[in-house]
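Chemist: generate coordinates for the sequence data below:
(chains A and B)
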Amino acid sequence: AQSVAQPEDQVNVAEGNPLTVKCTYSVSGNPYLFWYVQYPNRGLQFLLKYITGDNLVKGSYGFEAEFNKSQTSFHLKKPSALVSDSALYFCAVRDNTGFQKLVFGTGTRLLVSP
Amino acid sequence: EPEVTQTPSHQVTQMGQEVILRCVPISNHLYFYWYRQILGQKVEFLVSFYNNEISEKSEIFDDQFSVERPDGSNFTLKIRSTKLEDSAMYFCASRAGQGRNEKLFFGSGTQLSVL
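Modeler: All right, here's what the predicted structure looks like:
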């Protein structure tokens, strides 16, 4: 079965510093990987996805993610964090069987301090 | 950008009561999903729906749950007899197709509180 793991419940970073939110995955077949962000009292917003191609994927709000097949990782990164980036971040993998539901990780809370 | 719309945003109900959560997916989308998120926990898949029938459901989606697309625009989740543990944020999602470039669009959620 497809699964993702987000090892950190929370990541703290100072504004202006680079940030990394970690995700590792387990899939059978080709991995289709996603990052979503959830702001308080809001739904899940799509940030970026990896389907195939370049290992560095660029997404919304200056975020990018690096796909590493050998380490089965898909870490979310941003060169310079903003206070407004503070939110809950979910990594997800598409189930390649059936009707391709997304399987989410447990989420990582990102806190960016001024 | 098109949006998935969910109503109500908050629903409070008594244990044992029936609730219906409503969703209006994006108009040209064909695949529909319900997920839920218990406070502080991960987002869990409940059910997927295509061509007017359930295509996949999780073990959470027991006989107390049902889904319908009654009029070609709304997509509803019904819980027949709510339990305390049904308290969660419920998200509706939709997607246009099965292509690998398709992404899943989520609504803002309905916060269900069962008292």
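Chemist: state the helix or strand in which the residue nearest the centre of chain B lies.
Modeler: Centroid check for chain B by CA atoms, centre = their mean gives residue B:34 as the closest residue, at 3.1 Å. Assigned by DSSP states H and E, residue B:34 falls within strand B:31-37.
Chemist: show me where pLDDT drops low in chain A?
Modeler: Along chain A, segments meeting pLDDT under 70 span A:98.
Chemist: interface residues of chain B facing chain A?
Modeler: Contacts of chain B with chain A, taken as CB under 8 Å from any CB of the partner chain, map to B:4, B:6, B:31, B:33, B:35, B:41-45, B:48, B:50, B:55-56, B:91, B:93, B:98, B:100-101, B:103-109. (Each C-beta comes from the backbone N, C-alpha and C, glycine too.)
Chemist: burial measure for the residue lying closest to the residue nearest to the centre of chain B once chain neighbours are set aside, as a count.
Modeler: Nearest residue to residue B:34 in three dimensions, chain neighbours excluded: residue B:46, at 4.3 Å (CB to CB, 6 or more residues apart in numbering or on different chains). Counted with other CB atoms under 10 Å in any protein chain shown, residues neighbouring residue B:46 total 22.
Chemist: what's the average pLDDT for the host helix or strand of residue B:46?
Modeler: Taking DSSP H and E as the criterion, residue B:46 maps to strand B:43-50. Per-residue pLDDT values across strand B:43-50 average out to 94.
Chemist: immediately after it, which helix or strand?
Modeler: strand B:53-57.
Chemist: against residue A:107, how distant is residue A:72?
Modeler: To residue A:107, residue A:72 is 19 Å away according to CB to CB, to the nearest Å.
Chemist: who does the residue nearest to the centre of chain B bridge with?
Modeler: For residue B:34, the beta-bridge partners under DSSP bridges are residue B:47, residue B:92.
Chemist: need the contact list for it.
Modeler: B:21, B:23, B:46-47, B:67, B:77, B:90-93 (CB atoms under 8 Å, 6 or more residues apart in numbering or on different chains).
Chemist: can we see that at 6 Å?
Modeler: Going by CB atoms under 6 Å, 6 or more residues apart in numbering or on different chains, residue B:34 touches B:46-47, B:77, B:92.
Chemist: check residue A:47 too.
Modeler: A:35, A:37, A:59-60, A:63.
Chemist: ok, the residues you listed vs residue B:10, which is closest?
Modeler: When the contacts of residue A:47 are compared for distance to residue B:10 (CB to CB), residue A:37 wins out at 21.7 Å.
Chemist: surely that closest one is within a strand?
Modeler: Yes - judged by DSSP: H, G, I helix; E, B strand; the rest coil, residue A:37 forms part of a strand.
Chemist: wait, it sits on residue A:45?
Modeler: Yes - using CB atoms under 6 Å, residue A:37 makes contact with residue A:45 at a distance of 5.2 Å.
Chemist: could you check which of these two is surrounded by more residues?
Modeler: Per other CB under 10 Å, whichever of residue A:37 and residue A:45 has more neighbours is residue A:37, with 22 against 17.
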